[in-house]
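Undergrad: build me a model:
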Amino acid sequence: AGVGIMGLAVDLIRTADEREPVLPTEWTPLTAVNPDLLALTGSWYWGPTPYTLKLHANQWLELVPTSGMGRGSRFRPAGDGTWTGTDAYYAGETLRVVRGPNGEVSHLDLATFVFTREPYSPTDPIPGGVDPHGWGNSHQ
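TA: Alright, predicted model coming up:
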């Protein structure tokens, strides 16, 4: 008489095995990296909001909000020097690297969203311009 401890123990082990989360694939560094793409990685800003551009295998890019809050997406190379969004808000949109007259990267154009290396300033190519009174300031 009493509780079937062995049966209970087996049931608990089976339940734990069935419901245990799958571990993510272990990270491994890329074996070969295009230096031009590597130079694009890091911090970018849409207005004052920071984003991080990451490089993945097969020259895929991922743009994510640095804070974790906001819109991000992965991009596959289109073969013509641009990338196409594969998911989330930017699915199907084109990511393009825009260069200035000197050949240096000026900004990223993502379906008219302009991402710059620094928060927007009056000298950056900003759709609609910049309020001369600054971000969030009201003018009367």
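
Undergrad: I figured residue 115 hits residue 51, correct?
TA: Yes: using CB atoms under 8 Å, residue 115 makes contact with residue 51 at a distance of 6.4 Å. The C-beta positions use only the backbone N, C-alpha and C, and glycine is treated the same way.

Undergrad: just the element for the most centrally placed residue in the chain, please.
TA: What sits nearest the mean C-alpha location of the chain, by CA atoms, centre = their mean, is residue 63, with 1.9 Å. According to DSSP states H and E, residue 63 maps onto strand 61-65.

Undergrad: over to residue 115?
TA: strand 113-115.

Undergrad: partner strands of that strand, with direction?
TA: Sheet pairing of strand 113-115 (DSSP bridges) gives strand 105-110 (antiparallel).

Undergrad: give the buried residues for the strand it pairs with.
TA: Residues of strand 105-110 classed as buried by neighbour count (16 or more other CB atoms under 10 Å): 106-110.

Undergrad: again with stretch 52-70
TA: Within stretch 52-70, the residues that count as buried by 16+ other CB under 10 Å are 53, 55, 61-64.
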